[in-house]
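Q: Fold the following, please.
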Amino acid sequence: MRRRRIWVVAAVAVAAVGVVAALAALVAFVSAAPFETTLEFRIRDRVSTGAVWNATVTLQDRFLRTWYAGDGDTLVFSRLDPGEAKLEVSAPGYQSVSVPVTLRRGRNRLDEPIDVTGLQIPGLARFMVSEDLSGSDLYATFWPLGSEGPAVVNHPALDLWIGARISTQRPGPTRGETRFAGEIEWRWDQSPKALARYRARIPLEHIEDRGAAPLVIDYLVIVPDPLAIERDEVAAIVTAAWTDGEPASLPAYLARYADRFDFYVYTSWSLSRP
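A: Below is the predicted model of the structure:
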């Protein structure tokens, strides 16, 4: 019995020595192992907080090409060198962004998304508007068209100011009494399959005599230069002229701000009310 106890004690001692040796080897390996340095980050459109189309991101000697990266998509650079670096983001129609980063050995992550500012809709020549009626609401879709005709599908989300002037239509056709004039709110469709991104709802319940004379709607689309003017400034310049001014004098008035925004007018005739 005593000999068996000695063997058991000896076995435990050998096992303990083995565990200690294994731990020491692991510590030595971990201390010497060159952990891979990575960086996780997100990019997004500043206005829509959604996807940035066709972005190129570079860091050190590596680059990523993303066709439709949004705020929910985490992008990763791997096999980086620790130290100070710059993350560069560029995309057609956007202002390029350079973000300084400090890379530590191992995993790195930028907690806040990188906002990218859209500057223009590439190739924009004019806007076309299509409409559909649903109950007492009118839905208008705004299509940016290029100089050669096709709609520009993938582009930055610019913070447009859109106004509508709704009038009764008289024979001729000519515009009759103005029923509504003001800004309308739009929403952005960020679906990759969407053919048009801007869509607005225009309530018609406040327009009298529904079902009588058709309507004519004039739309004003202001495309601001985000580096030259803020959204509130656009509203202050345009709202009074659009709602209270004479339509004939509007182009000359808006042309004074050609260095700060572009404007487009589209008229839809003979809209039958529900």
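Q: close enough to count as contact, residue 159 and residue 222?
A: No. In this structure, residue 159 is not within contact of residue 222 by C-beta atoms under 8 Å, at 9.5 Å. Quick note: C-beta positions are derived from backbone N, CA and C, even for glycine.
Q: Tell me which of these two has more neighbours.
A: residue 222 (25 against 19; other C-beta atoms under 10 Å).
Q: so that one sits right up against residue 161, yeah?
A: Yes. The pair residue 222 / residue 161 is scored as a contact, 4.0 Å apart, by C-beta under 8 Å.
Q: Can you pull the residues that touch both of these two?
A: 234, 238 (C-beta atoms under 8 Å, 6 or more residues apart in numbering).
Q: CA atoms only for stretch 41-59 - export them in CSV, please.
A: Provided in CSV are the C-alpha atoms of stretch 41-59 (Å, rounded to 0.1, in the frame of the first residue of the first chain):
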residue,chain,number,x,y,z
PHE,A,41,-14.2,50.3,-39.7
ARG,A,42,-17.4,51.5,-41.4
ILE,A,43,-18.2,54.2,-44.0
ARG,A,44,-21.5,55.9,-44.7
ASP,A,45,-23.1,58.7,-46.7
ARG,A,46,-23.4,61.8,-44.5
VAL,A,47,-26.9,62.7,-45.6
SER,A,48,-28.6,59.4,-46.0
THR,A,49,-26.5,57.6,-43.3
GLY,A,50,-26.6,54.7,-45.8
ALA,A,51,-24.5,53.2,-48.5
VAL,A,52,-21.6,54.8,-50.3
TRP,A,53,-21.5,53.7,-53.9
ASN,A,54,-18.2,52.5,-55.6
ALA,A,55,-15.8,53.6,-52.8
THR,A,56,-12.1,52.9,-52.7
VAL,A,57,-10.4,52.8,-49.4
THR,A,58,-6.6,52.6,-49.0
LEU,A,59,-4.4,52.1,-45.9
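Q: Make 54 the first number, not 1, from now on.
A: Understood, numbering begins at 54; the last thing we discussed is stretch 94-112.
Q: Now it: average pLDDT?
A: For stretch 94-112, mean pLDDT rounds to 95.
Q: And stretch 134-145, by the same measure?
A: Stretch 134-145 carries an average pLDDT of 97.
Q: partner residues bridging residue 97?
A: In this entry, residue 97 is beta-bridged to residue 168, by DSSP bridges.
Q: Surely residue 113 is in contact with residue 138?
A: Yes. Counting by C-beta under 8 Å, residue 138 is a contact partner of residue 113 at 5.7 Å.
Q: where's residue 231 relative to residue 271, distance?
A: 10 Å (C-beta to C-beta, to the nearest Å).
Q: Tell me where the stretch 154-303 of the chain has strands.
A: Remark: strands assigned in the stretch 154-303 of the chain by DSSP state E, counting those that start in this stretch are 160-162, 167-169, 177-187, 190-199, 214-223, 227-236, 239-241, 251-256, 268-277.
Q: Cool, thanks, talk later.
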